[in-house]
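1. the following comprises the amino acid sequence and a computationally predicted model.
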Amino acid sequence: MNTGTISPEQSRSSTKFPLQTKQAARVINGVHTETLITGFQDKILVIITQYGKVGSLAYVTFDSLSSKSLSSFSTNVTTDVNFLLGGFSSLYQFYALHIATIIANENPNDRRSVVIGLALKDAVNGEDVDNKEIINCIELMVRECKVW
């Protein structure tokens, strides 16, 4: 019968709590954009939103990691990007891979997979967004919010 008590063995093996979480915000293409990064024992969760919601969720893993091959986007690195929830788009796939690569480059010994939530506006006031500005700002925010 489970009495709800935690044995000493269970408490030693559990993840330290509270989890490491960091946030950053920037205005990108005139739109307030928030980033939240949480480091779990087995995964890193990254949420980047302009809607205040999670949006599409992607799961990114690297089959082989080396900082040299990641920084040069070599074909020797096998990546797997799977969309768990929401719509798939090649642009979101690119963003997810880019974010995961930044994280892997920042700490090449970290083998955690990355779960990424993206909810970004396609157009602002009827005009297409500047994807280069989005990529640059996302990169800055991810680096600001290190939890690894």
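-> The structure has been received and is ready for your questions.

2. how close does the closest residue in space to residue 119 that isn't next to it in sequence sit to residue 122?
-> Of all residues not flanking residue 119 in the chain, residue 55 sits nearest, at 2.7 Å (CB to CB, 6 or more residues apart in numbering). The way it works is simple: take the backbone N, C-alpha and C, and place the C-beta from them, glycine included. For residue 55, the distance to residue 122 equals 12 Å [CB to CB, to the nearest Å].

3. if I look at residue 21, how far off is residue 39?
-> Counting by CB to CB - residue 21 and residue 39 are separated by 8 Å.

4. picking that back up, the residue nearest to residue 119 and residue 49 touch, don't they?
-> Yes: counting by CB atoms under 8 Å, residue 55 does reach residue 49; the two are 6.1 Å apart.

5. anything in contact with each of these two?
-> 117, 118, 119, 120 (CB atoms under 8 Å, 6 or more residues apart in numbering).

6. helices or strands up against whichever strand or helix holds the second one?
-> Put plainly, it is residue 118. Following DSSP states H and E, one finds residue 118 within strand 113-119. Packing contacts for strand 113-119, counted by 3 or more CB pairs under 8 Å, 6 or more residues apart in numbering; DSSP states H and E, involve strand 43-49, strand 56-62, helix 90-106.

7. low-confidence ranges in this protein?
-> Applying pLDDT under 70 to the chain flags residues 1-17, 64-78, 123-127.
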